[in-house]
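> Need a 3D model of the following:
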Amino acid sequence: MPTTPRPGSQQWLGLAKETTYGTPVATPTMWIPVDSPKWEPKVTPLVDNALRGYMGTDYGQTQGMRYDELSYKTMIYADSIFPHLIAILGGADTITGAGDPYTHATSLNNAASTTLNGQPPSYTGFLYQLDGKVVQIPGMIISGLKISIKANTLPTVDATWMGLPGAFITAPTNTPSTVPPMPPFTTAITVGGVAATKYSDCSFDIKRAAEAVPVLNGTQTPLAIFAGPLSVSGSLLAIYEGSTDVDLVRLLANTQPTLSVAIYQQGDATHPLTLQCSKIAYDSSAPAGSNGSYATIASNFKSLMNTTDALDGKLSPIKATILNAQSTAY
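Below you'll find the model as predicted:
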């Protein structure tokens, strides 16, 4: 019987926040429009290469620990971007306001408790497999989240998750989001407290040193996915303004200004998403000429831990806020 090709466009992705780490949620609570989702079981190969008197090297192979990875590209949607930020930063959703708009804010979780120990919340992922099944991946932790905003393309979000081994279950009903993505032209960038209009590109790369914790428990499943320390770096691309260019001056003087980037859905300026780094250090600022266009300057920065961005009274390299009509926590 010939193989029937399956249209990849019919894949869909869902997420649900877990109550107990590693205990899978039955159905998604949010659906994420995605581009090129990739699920990969990461099985540790254990090779028998003990000497046997021959000229070969590999005589057998068994398996060790398994964890799963899930990665995808999406866009900045008002109904799903903030859960991604909570998932990687780990801080609680702090809500203020008496009515629409409510302000939701989160920052790095530094809590040392019996339930968290600095860990972010875990999620169950659901990726449709084109045959009536989804792979259900429990215990997922984001290891990387990159937000890229460019003037002439839709802003993108690249997410990489690590989770416990997935299982195939009957697919729940797909309920795709109808919220449009946030366009780039609504973006407002403020550096050092001054609104800037010279930038064409900006990005935030939020990473955790995540790893699977191996244990001898009678299965291939790790104890958990551990979320290590968090770092935030980023980039800015701008029109070059000569020897007094502010980015160049900040690099040379080691000035460490605030950086704030706000963006909102078209026609809805009262509900912006804002990413705030109150202390960035420039690693480079490179002017570049052009034979056929204007000169630019490309800067790279890292965001430093500071008290201003910390909602727990400690330190954080970034604070994320979103305004919306939702009165309950994510």
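> what sits opposite Phe204 in the beta ladder?
Beta-bridge partners for Phe204, by DSSP bridges, are Ile147, Gly234.
> Val232 is in contact with that one, correct?
Yes - if you go by C-beta atoms under 8 Å, Phe204 and Val232 touch, sitting 6.4 Å apart. All C-beta spots, glycine's among them, are computed from the backbone N, C-alpha and C.
> Now list whatever residues contact both of the two.
Shared contacts of Phe204 and Val232, defined by C-beta atoms under 8 Å, 6 or more residues apart in numbering, are found at 277, 318.
> where are the low-confidence patches of the protein?
Residue ranges of the chain with pLDDT under 70: 1, 113-116.
> What ranges does it have for its helices?
Counting by DSSP state H, one finds helices in the chain at the ranges 81-89, 246-253.
> distance between the first one and the chain's centre?
Read it as helix 81-89. Chain-centre distance of helix 81-89: 7 Å, with C-alpha atoms, centre = their mean, to the nearest Å.
> Pull it out as CSV, backbone CA atoms only.
Taking C-alpha atoms only, helix 81-89 is exported to CSV below (Å, rounded to 0.1, in the frame of the first residue of the first chain):
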residue,chain,number,x,y,z
ILE,A,81,3.1,36.1,24.7
PHE,A,82,2.8,36.7,28.4
PRO,A,83,2.5,33.1,29.4
HIS,A,84,5.7,32.5,27.5
LEU,A,85,7.4,35.2,29.5
ILE,A,86,6.1,33.8,32.8
ALA,A,87,7.3,30.4,31.8
ILE,A,88,10.9,31.5,31.3
LEU,A,89,11.2,34.2,34.0
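> and it, what other elements does it pack with?
With contacts defined as 3 or more C-beta pairs under 8 Å, 6 or more residues apart in numbering; DSSP states H and E, helix 81-89 has these neighbours: strand 102-107, strand 133-150, strand 156-163, strand 199-208, strand 319-324.
> any chance of these in JSON lines, with distance to Ser9 and mean neighbour count too?
Formatted as JSON lines, those follow (distance: least, C-beta to C-beta, whole Å; neighbours: other C-beta atoms under 10 Å):
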{"stretch": "strand 102-107", "distance to Ser9": "33", "mean neighbour count": "21"}
{"stretch": "strand 133-150", "distance to Ser9": "16", "mean neighbour count": "22"}
{"stretch": "strand 156-163", "distance to Ser9": "19", "mean neighbour count": "22"}
{"stretch": "strand 199-208", "distance to Ser9": "28", "mean neighbour count": "20"}
{"stretch": "strand 319-324", "distance to Ser9": "30", "mean neighbour count": "22"}
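> now the residue nearest the centre of the chain: how far from Gly64?
For the chain, the residue nearest the mean C-alpha position is Leu145 (2.2 Å; C-alpha atoms, centre = their mean). Using C-beta to C-beta, to the nearest Å, Leu145 is found at 28 Å from Gly64.
> next one: Ser278
The value you get for Ser278 to Gly64, if C-beta to C-beta is used, is 43 Å.
> Those two - which one has more neighbours?
Neighbours were counted for Ser278 and for Gly64 using other C-beta atoms under 10 Å; Ser278 has more, 21 against 10.
> In this model Asp309 seems to touch that one, though I could be wrong.
Yes - Ser278 lies in contact with Asp309 (C-beta under 8 Å); the separation is 5.1 Å.
> Common neighbours of the two, please.
Here Ser278 and Asp309 share the contacting residues Lys319, scored by C-beta under 8 Å, 6+ apart.
> coming back round to it: the helices of the chain: which one's closest to Ala171?
helix 81-89 (21.2 Å; C-beta to C-beta).
> what angle separates that closest one from strand 319-324?
Interaxial angle, helix 81-89 versus strand 319-324 (axes from the mean of the first three to the mean of the last three C-alpha atoms, to 10 degrees): 160 degrees.
> Show residues contacting helix 81-89.
Residues from elsewhere that reach helix 81-89, judged by C-beta under 8 Å, 6+ apart: 15, 17, 30, 93, 104, 106-109, 120-121, 123, 141-142, 144-145, 157, 159, 206, 208, 230, 273, 316, 318, 320, 322, 330.
> What backbone torsions are found at the residue in the chain sticking out farthest from the centre?
If you look at how far each residue of the chain sits from its centre, by C-alpha atoms, centre = their mean, the farthest one is Gly53, at 50.4 Å. For Gly53, the backbone dihedrals are phi 90, psi 10 (criterion: degrees, to the nearest 10).
> again, but for the one 5 residues further on
Its backbone dihedrals place Asp58 at phi -110, psi 120, with angles given as degrees, to the nearest 10.
> hang on, isn't it packed against Asn49?
Yes - with contact defined as C-beta under 8 Å, Asp58 reaches Asn49; the gap is 5.6 Å.
> how far away is Thr160 from Gln256?
For Thr160, the distance to Gln256 - C-beta to C-beta - is 28 Å.
> If you could redo that for Ile225, that was the one I meant.
Distance of Ile225 to Gln256, computed by C-beta to C-beta: 33 Å.
> Between those two, point out the one with more neighbours.
The neighbour comparison of Ile225 against Gln256 (other C-beta under 10 Å) goes to Ile225, with 26 against 19.
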